[in-house]
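[1] Sequence first, predicted coordinates after that:
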Amino acid sequence: MGKKVKKEAEPPPQDVFDPLLIESKTPATVVLMLSSPEAEVLAKACDALYKFASKGDENKVTLLGLGALEHLHKLISHEDPIVRRNAIMVFGIMASNHDVKKLLRELDVTNPLISQLAPEGDVVIHEFATLCLAHMAVEYTTKVKIFEQGGLEPLIRLLGSPDPDVQKNSLECIYLLVQDFQNCAAVCELNVIPPLLELLESEYPVIQLLALQTLEVISKDRETRIILGENNGLNHLLKILETNELSDLHVETLAVLGNCLGDVHTLQLIQQTGGLKKLLSLLGVSTVPNIQKNAAKAITKAAYDSEIRKILNEEEVEKCLLNLLETDNDEVKIAASQAISAMCENVKSKRELGLQGIPQLVQLLSSDNEEVKEAAVTALASLTAASYSNASAVVEAEGIEPLVHTLSTQRDGAIANAVTVLTNLATQESFRIGIQSQGIMSALAEPLHSSNSQVQSKAAFAVAAFGCDAVARTELRNAGGLGPLVELLHSKNDEVRRNACWAVMVCASDELTAVELCSLGALDILEEINLSTKRKNRFSEAALEKLLDNNLSQKYSRLGYLSSSNIITNGFYDCGQMKPGVKFLSLEELSMQELTDRRAIIFINAKPQEEFQSSTNSLEFMICSSYPYETKPYLSEDLSSMYVVVYIFFYVRKGKGKKEEEKAKEVTDITPKVQEEINLENAVWLPPSDFILMDYIKDASKIILPLTTTREQVVALAQFVADRMGGSIERDKLHDFSWELHISEIEFELKCNIVPIGKIKKGTFYHRALLFKVIADRIGIGCTLVRGKYNRAWNEVKLVDDSPKRAGLLLPPQEYIVDLMFEPGFLIKQGSAKADRYKCI
């Protein structure tokens, strides 16, 4: 046999590189390896980068700076499944960094990631792809891309994955996506409800929590609530509430149920299955503040629907809310009070809540927590609206005082609602008096200064409610409340402006307040408002009229007309027609002016001066009447021993005897002794009395009142006035009737532009017409006073034709102008040519 020849080993091919193990300690080197064509190198490099990025955020930033993401972006679609998986793992772990997410959006990685969510795909790929999408779905632009690229369907499908991490990441991504209404509607169409309900039974609390949070968002849609009911979802939710071990999920569960309570159809379904009763009973026994608070909020939200309020009332939700008021947690008290406010729209609930709830709510007004106080007073505002029994309950619970104190809080809502409650109570006179005794008008002065339009509106409305009482108006005036009230007339808010006009109208019911309102500019503002078709309202017109009716001097000066119902009282003065833009001065301001050649101011005061007594000398100072007028300082001392200068025009009537002259001399003698003690800053001006006018009124009453018909009284009064003002004047000699010189002599004699009407012995049209109106108002004859041109003025009266021919007929009264100049007592029929001539038209 021949020898066997030993075969020599063949050398390896020259183009094959022996395996090489590389150990790198720098991430830059590994990033360079991402450019390798070898799948094994790529896989190991990606794995190394995943481990490096998992160690902290700084490492993620390092990789971002080395350009790793650009390389990885190419690898997430690599043909090798291991490379693809490891690359996606790096993306998933790095996407939590803000800067990384920004670059991922630029690289538009959503579409390739969504393509990796196929059912047959690797579970690890599903986990990290959904993790990356969940991180990116925080941004709105990414949400839009996921929706447009069809990402919702695979994400919902993955909710059924056996891997809990995939479930969690997919669910978190869906939760973020449904924050957008477009995605919210889309997930419902893709039947997301069944898998979400299944996840409620997950053994992982984080998944259960995310499922509930997602349900809470999508159940705000009515269609979703219907689907939830059809899938028996309400029972799933109630089951969670019944399980004490799941108490950490109760708040979120209540949030979902709260949405369900807001739908009549769903609520009826819950009621029919006994779920609503079960829910309320669970709430009644719960002592967890968060659960109590959220349950009350759910009831508040649902109670805005009338049908739902009816259902809740049938289930006696009121007992549950009243129990919540007794808790020690302020947030629960606030939520319960808000729920009570909402349920008050139901009449039965309002009555039931008022019986037991009002004493508890009144107690909460004394809380140190301002939010509790605001919630309680808001509930009281709802309870007392149009409810006498509840208003009575507030009074019985001694709620008036704390309500008035609430007006000084810092929260606008509390102030506005406290004012509302007090206004609701003011509909009953006895309650209104009780509120006024607590100083309500003084307390309202501050809210009137508020910058909050709701507070302004409510405060002005309250002034209108309480201002019907004279004492209350005085209190508001003394508290400085009229100034801010007038400022509210400037408001651009229609409701504020309307209520301010209403309040001004009510406050103008007495002369003192009306005069002060006018001095604050209310008349000018109201006139401006009434010129605007958009800004005026029925109260602005009524307020202007009321102000003028209680400030007749200004009304006559502005409008040149006083109606028969405008009764001239003491203190009235005629300063002529007011020019636009000129300030209307008070009588005191006019008295301080120096004597001028301007038109005299005709003054009415048929009231005797008050008797003054000085506490220093116990002397009784009497004001005696006679001619001529003299101006003397009269001194008096008030209770605090502060001397006040009172300037009184007094005169000594001739022929009255020496005793009265001696009293007048006594005044003159005493005055210099105390001059040094006068505090001029406290000077008070008092108007002079017109004793001649007093005599006129007394004499006219004796002559005219016995007459049987109004016509006879008008004629007699016209003749009486004409006799005191210079008699009848022939029409052709009117220019010779030198009344101007006579008035100037009186002004010079008095050293003053103010002339008491009784001093005038030669009066023209406007003097006579004014005197006629003054006396007519005192003795009960209805007449107007109308100012014309060229110093003309006249009185209009309405008389019924009582001639025998008209006997037994009910005829409307005829209007006449009373002639006081040419044929005193002649009645000129209104509208006739003779009437026009008398008016100089």
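    Happy to help now that I have it. Numbers count the residues shown, from 1 in each chain.
[2] State the mean pLDDT of stretch 449-463.
    For stretch 449-463, mean pLDDT rounds to 96.
[3] could you dump that stretch to PDB, C-alpha only?
    Coordinates of each C-alpha in stretch 449-463 appear next as PDB, following Å, rounded to 0.1, in the frame of the first residue of the first chain:
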ATOM      1  CA  HIS A 449     -65.500 102.900  45.000                       C
ATOM      2  CA  SER A 450     -64.700  99.400  43.700                       C
ATOM      3  CA  SER A 451     -63.200  98.900  40.300                       C
ATOM      4  CA  ASN A 452     -65.100  95.700  39.800                       C
ATOM      5  CA  SER A 453     -68.200  96.300  37.600                       C
ATOM      6  CA  GLN A 454     -70.200  93.600  39.300                       C
ATOM      7  CA  VAL A 455     -69.600  95.100  42.800                       C
ATOM      8  CA  GLN A 456     -70.400  98.500  41.400                       C
ATOM      9  CA  SER A 457     -73.600  97.300  39.900                       C
ATOM     10  CA  LYS A 458     -74.800  95.500  43.000                       C
ATOM     11  CA  ALA A 459     -73.800  98.300  45.300                       C
ATOM     12  CA  ALA A 460     -75.700 100.900  43.200                       C
ATOM     13  CA  PHE A 461     -78.700  98.600  43.100                       C
ATOM     14  CA  ALA A 462     -78.600  98.300  46.900                       C
ATOM     15  CA  VAL A 463     -78.500 102.100  47.300                       C
END
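[4] For it, list every residue counted as buried.
    449-450, 452-463 (16 or more other C-beta atoms under 10 Å). From N, CA and C alone the C-beta is placed, and that goes for glycine too.
[5] and what of stretch 342-359?
    342-344, 346, 349-350, 352-354, 357-359.
[6] now swap in stretch 140-160 and tell me
    142-143, 145-147, 151-152, 154-156, 158-159.
[7] Out of these, flag the one nearest to residue 292.
    residue 159 (32.1 Å; C-beta to C-beta).
[8] Show me how this structure divides into domains.
    What the TED database lists as the domains of the chain is 274-428, 439-550, 588-607+688-840.
[9] List just the one of the ones you listed that sits closest to residue 90.
    domain 274-428 (39.9 Å).
[10] which element follows the strand or helix carrying residue 417 toward the C-terminus?
    Counting by DSSP states H and E, the element that carries residue 417 is helix 412-425. Downstream of helix 412-425, the next assigned helix or strand under DSSP H and E is helix 429-436.
[11] now that following helix: mean pLDDT?
    Computed over helix 429-436, the average pLDDT equals 93.
[12] for the protein, which spans come out with low pLDDT?
    1-24, 609-685, 802-810, 841 (pLDDT under 70).
[13] Give me the residue at the spatial middle of it.
    Nearest residue to the geometric centre of the chain (C-alpha atoms, centre = their mean): residue 454, 0.7 Å.
[14] Just the element for that residue, please.
    Per DSSP H and E: helix 453-466 holds residue 454.
[15] Run the chain-centre distance for that helix.
    8 Å (C-alpha atoms, centre = their mean, to the nearest Å).
[16] For that helix, enumerate the helices and strands it packs against.
    helix 412-425, helix 429-436, helix 440-444, helix 494-507 (3 or more C-beta pairs under 8 Å, 6 or more residues apart in numbering; DSSP states H and E).
[17] Reformat the ones you listed into JSON lines and put distance to residue 40 and mean neighbour count next to each item.
    As requested, the helices and strands packed on helix 453-466 are exported to JSON lines (distance: least, C-beta to C-beta, whole Å; neighbours: other C-beta atoms under 10 Å):
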{"stretch": "helix 412-425", "distance to residue 40": "69", "mean neighbour count": "25"}
{"stretch": "helix 429-436", "distance to residue 40": "90", "mean neighbour count": "16"}
{"stretch": "helix 440-444", "distance to residue 40": "85", "mean neighbour count": "24"}
{"stretch": "helix 494-507", "distance to residue 40": "78", "mean neighbour count": "25"}
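[18] With distance to residue 486 added, can I get those in TSV?
    Below are those laid out as TSV (distance: least, C-beta to C-beta, whole Å):
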stretch	distance to residue 486
helix 412-425	19
helix 429-436	22
helix 440-444	14
helix 494-507	7
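[19] Among those, single out whichever gets nearest to residue 742.
    Closest among the helices and strands packed on helix 453-466, using C-beta to C-beta: helix 494-507, at 41.3 Å.
[20] Name the next helix or strand following that closest one along the chain.
    helix 511-519.
[21] Show me what that following helix is in contact with.
    Contact partners of helix 511-519, identified using C-beta atoms under 8 Å, 6 or more residues apart in numbering, comprise 473-474, 476-477, 482, 486, 504, 507-508, 523, 546-547, 550-551, 554, 569, 571, 584, 586.
[22] Generate a ChimeraX selection restricted to the buried subset of these.
    Command for ChimeraX that selects the buried part of those, burial taken from 16+ other C-beta under 10 Å:
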select :473,476,477,482,486,504,507,508,523,546,547,550,551,554,584
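[23] For residue 404, which of the helices and strands packed on helix 453-466 is the nearest?
    That would be helix 440-444 among the helices and strands packed on helix 453-466, by C-beta to C-beta, at 5.2 Å.
[24] what packs against that closest one?
    With 3+ C-beta pairs under 8 Å, 6+ apart as the test, helix 440-444 has helix 453-466, helix 470-478 packed against it.
[25] Make TSV out of those helices and add distance to residue 76.
    TSV is the format used below for the helices and strands packed on helix 440-444 (distance: least, C-beta to C-beta, whole Å):
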stretch	distance to residue 76
helix 453-466	57
helix 470-478	77
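[26] Please name whichever of the ones you listed is nearest to residue 252.
    Of the helices and strands packed on helix 440-444, nearest to residue 252 by C-beta to C-beta is helix 453-466, at 34.2 Å.
[27] Sticking with residue 828, tell me its helix or strand.
    strand 827-829.
[28] Tell me the first helix or strand C-terminal of that strand.
    helix 833-838.
[29] all strands for the stretch 701-841 of the chain, in order.
    Assigned by DSSP state E, counting those that start in this stretch, the strands in the stretch 701-841 of the chain fall at 754-756, 785-787, 793-794, 796-799, 814-818, 827-829.
[30] need the helices for the stretch 51-200 of the chain, in chain order.
    57-65, 68-75, 81-94, 98-107, 110-114, 123-136, 140-148, 152-157, 164-177, 181-189, 193-199 (DSSP state H, counting those that start in this stretch).
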